[in-house]
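Participant: Give me coordinates for this.
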Amino acid sequence: MVISSTLTTQLENIHAPVPLSRTRPRSVPVYATGSPTLSTPSPTRLDHHHRRHKQKISIDDKPPFINYASSYINPYLPLKPVQVYHQSRRHVRSRSGSSMRKSKKQRSPDDLLETNEDNEIHERIMSTQLARNHRPIEIRPLDASAFDKRFCQKRQMIIDNPFYREKVDSWKVSSVNNLITLIKELTLDKNIVDRIWIIYYWISQNIQYDIDADFSSRHRHQKAEDVFRSGKSTSEGYASLFKTLCDDLNIHCEKIRGYAKDYFFKIDKPAFSQFNHTWNAVQLNNHHWYLIDTAWGAGFIDNQHKYKKDLKPHYFLTQPEHMIYNHLPEDVRWQLLSKPITMEDYLQLPHIHSYYFIYGLHIISPRFSSIVTYNANQSFAEVLIQAPDDIQLTCSIKDDTRSTSLTQYDSTRQVWQCLFSPYKSGFHTLIIFAKQLSQINLFKNVIELGVTVHSRDFIKGKTLPMTFGKFSEYKCQIFSPLDGVLKRGTKVTIRCHIPHASSARISLDGVWLDEVTLYNEAFKQQINVPEREV
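Facilitator: Down below sits the predicted model:
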């Protein structure tokens, strides 16, 4: 069953497959972890049930917004969470996932690996974190004037300056001393921020992260000269080279050791046995201190464990109230916060990536915790996020094709509502992606959270309605039903909010029902779910 609506503007032809998971070594962030690329999925990758079900409900080339399925339709793995077929905004229909769940939970061999004692300990840890869910953590910069409007504009102008990048890219550097000479010549009579940016940019383009050394804990080539010669290092070497260049260019710079929420960090088992990352701080005009991480600003590790250069200006002179979410210094002074947080606070904070700040997002719930509360009555966990008007969100449960998720905009509360319905009990990692509406092909991983579904609270998984890209792009919302599997032989009332729509209609088993006129952009229609297969 699909829903079509009449809207006011033309839609684009966009496709997006399932989010893919990526990995990274310690100290290197996954800037685009699991980011779904908008491209047409190959039909050969869809199983038989996939193709058969798709053919049943795709009546013509008019795409759906939402899809509901009868509970007795052959189960299939839903294409989640974003996929849009050839479409125009005047004709939009949508599909929701359909995956039958057994009322009795069948435990896999993996589920049986943990002992009852381990489960009890794990549940106590998660319960403790949930109890702290609403405990506020004060995060304010120590130096409130460090990032005034004038400085932020100057910083952005330097980052956006194409001349610096083109000039640095043309250099043929033979030694560290030669590099220092070139930087001095290029920044003669320039601001100190220009000089720091050129150091940051050169390192990002010429030093590669040493994946093998990091995974094997063989931290070689950590001295500046060694890093320069090899062109490869871990975070210690990045920070050493950056400090050496700053020292020789009369820039006050310090190295900072600490704890980074990196590849090995697990939300359900947060702990650090020792420091695992190194970054820098620089002082400008003998007054303001600023944080810099050249290792995280240079690139990421893809899902083939290969290093990919990916310049991230976010880690160039980063605001301390942003850096603290994934960098905790051993020395509390280098938090640069008015009230330093504890290790307990740090582990409690949501696991946030750089694009969260770049896109101007704000977590409303859970505000101060990486653990989300599971609603046993509704069979889902809810995350609420505020975002600018030009930002689109989507979400998924990591490494789990059987669980379902739903992203929609709550116009009443003016927040994005991300719902997650795990397929089974246990711990699950929740990933939220975001992109600018002007960007066609890539969502960015912005937030990772966790939810624990206790076996005593879990009855059966819920299949949330499956939606497509335009559903979230145009900020639509499903009020009811929130179960994508409809019970046969029942009457169901479909209620949705469809912004800018004047009318909508439902296609049920290939037959279009009467068109419904929308008042205040609200759609409401009752349908009879057939006894037979639809």
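Participant: Quick one: the helices in the chain, in order.
Facilitator: 48-57, 116-131, 149-160, 162-169, 176-186, 192-206, 211-215, 224-230, 235-248, 320-323, 343-348, 354-358, 469-473 (DSSP state H).
Participant: worst-scoring helix or strand of the protein, pLDDT-wise?
Facilitator: Using mean pLDDT, DSSP states H and E, the weakest-scoring helix or strand in the chain turns out to be helix 48-57, at a mean of 32.
Participant: my guess is residue 415 meets residue 393, correct?
Facilitator: No - in this structure, residue 415 is not within contact of residue 393 by CB atoms under 8 Å, at 10.2 Å. (Glycine included, C-beta is placed from N, CA and C.)
Participant: got the domain boundaries for this protein?
Facilitator: 2-17+33-96+358-528, 149-348 (automatic domain parsing).
Participant: Just give me the lowest mean pLDDT stretch among these.
Facilitator: With a mean of 74, domain 2-17+33-96+358-528 has the lowest mean pLDDT of these.
Participant: re the thing from before, overlap in contacts, residue 415 and residue 393.
Facilitator: residue 385 (CB atoms under 8 Å, 6 or more residues apart in numbering).
Participant: Those two - which one has more neighbours?
Facilitator: Between residue 415 and residue 393, residue 393 has the larger neighbour count (other CB atoms under 10 Å), namely 23 against 18.
Participant: And for that one, nearest residue in space, chain neighbours not counted?
Facilitator: In this structure, residue 393 finds its nearest non-sequential neighbour in residue 416, 4.8 Å apart by CB to CB, 6 or more residues apart in numbering.
Participant: my guess is the one you found contacts residue 384, does it?
Facilitator: Yes - counting by CB under 8 Å, residue 384 is a contact partner of residue 416 at 7.0 Å.
Participant: Spell out which residues are contacts of both of these two.
Facilitator: residue 410.
Participant: The two - which one has more neighbours?
Facilitator: Neighbour count, other CB under 10 Å: between residue 416 and residue 384, residue 416 has more, with 25 against 16.
Participant: Count the residues that sit near residue 258.
Facilitator: 19.
Participant: meant to ask about residue 371
Facilitator: Using other CB under 10 Å, residue 371 has 27 other residues around it.
Participant: surely it meets residue 453?
Facilitator: No - Residue 371 is beyond contact range of residue 453, at 11.8 Å (criterion: CB under 8 Å).
Participant: Work out which residue lies at the spatial centre of this protein.
Facilitator: residue 445 (2.3 Å; CA atoms, centre = their mean).
Participant: so that residue touches residue 351, yeah?
Facilitator: No - the criterion here is CB under 8 Å, and residue 445 misses it with residue 351 at 9.9 Å.
Participant: Can you tell me what sits against stretch 191-202?
Facilitator: 154-155, 158-159, 164-165, 168, 171, 173, 179, 183, 186-187, 242, 245-246, 249, 251, 282, 284-285, 292, 294, 297, 311, 316-317.
Participant: Could you do stretch 372-382 as well?
Facilitator: 130, 133, 365-366, 383, 417-422, 430, 449-454, 457-462, 464, 482.
Participant: List buried members of those by neighbour count.
Facilitator: 130, 133, 365-366, 383, 417-422, 430, 449-453, 458, 461-462, 464, 482 (16 or more other CB atoms under 10 Å).
Participant: if you look at these, which of them are in strands?
Facilitator: 365, 383, 417-421, 430, 449-453 (DSSP state E).
Participant: What is the most widely separated pair among those?
Facilitator: Across those, the longest distance by CB to CB is 20.5 Å; it joins 417 and 452.
Participant: Could you tell me what pLDDT the model assigned to the nearest residue to residue 345 once chain neighbours are set aside?
Facilitator: Distance criterion CB to CB, 6+ apart; nearest residue to residue 345, sequence neighbours excluded, is residue 137 at 5.0 Å. Note on residue 137: pLDDT of 90.
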